[in-house]
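1. Next one to model:
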Amino acid sequence: QVQLVESGGGLVQAGGSLRLSCAASGRTFSPYIVSWFRQAPGKEREFVASSTWDTGTTTYSDSVKGRFTISRDTAKNTVYLQMNTLEPEDTAVYYCAAQNRPTAAPLTATRRYDSWGQGTQVTVSS
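-> The predicted structure follows:
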C-alpha cells in the first residue's frame with residue numbers, strides 16, 4: 001500500500017509563490033503517473049498538473065499553465081508543485097495522486113488514480 005503525504009500549503013498574498021511537496025512511502029513506489037488536483041469549496045476536484053514518473057513528461061491545465069511547475073525526484077519518491085504568481089482563484093485544497101495500475105481513464109479524471117494524499121490547504125488573499 002502506498003501512502004502519499006502532502007505538505008507546503010499555507011496563506012499567501014496574490015502574486016506570491018508556494019511550493020507543495022508530496023512524499024510517498026510504503027511499498028515500492030513506481031507509478032505510471034503522478035498528478036496534482038485541487039478542490040475549492042463547493043466545487044468538484046479538478047486536475048492541475050501531471051508528470052510521468054519515468055520520463056518526467058508534464059501536462060498542465062490551462063488555468064495554471066505558465067505559472068505552476070510539477071516535478072519529481074525519483075530518488076526521494078517525492079513530487080513537487082511550484083506555484084508562482086498565485087491568484088485568489090487558486091485557493092483550494094491541493095491533493096497529490098498516483099496512478100499505480102494500468103487504466104484507460106483520461107489523465108484528468110480522478111478515477112485514473114488509486115493513491116491519494118490527504119490534501120493541503122492553499123489560501124491566496126487578494
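2. On the three-state scheme, the residue nearest the centre of the chain is what?
-> In the chain, the residue lying closest to the centroid (Cα atoms, centre = their mean) is Trp36, at 1.8 Å. Using DSSP: H, G, I helix; E, B strand; the rest coil, the structure places Trp36 in strand.
3. Quick check: closest non-adjacent residue to it.
-> Val48 (4.3 Å; Cβ to Cβ, 6 or more residues apart in numbering). In this view, the C-beta of every residue, glycine as well, is placed from N, C-alpha and C.
4. and Gly16, what does it touch?
-> Gly16 makes contact with 86, 124 under the criterion Cβ atoms under 8 Å, 6 or more residues apart in numbering.
5. What helix or strand is it located in?
-> Secondary structure assigned from DSSP states H and E places Gly16 in neither a helix nor a strand.
6. swap in the one 3 residues further on?
-> Using DSSP H and E, Arg19 maps to strand 18-26.
7. residues of that strand that come out buried?
-> 18, 20-24 (16 or more other Cβ atoms under 10 Å).
8. what do you get for stretch 63-73?
-> Those would be 64, 68-70, 72, for stretch 63-73 by 16+ other Cβ under 10 Å.
9. Give the rounded mean pLDDT of that stretch.
-> Mean pLDDT, stretch 63-73: 98.
10. roughly how far out does that stretch sit from the chain middle?
-> In terms of Cα atoms, centre = their mean, to the nearest Å, the centre of stretch 63-73 is found 9 Å from the chain centre.
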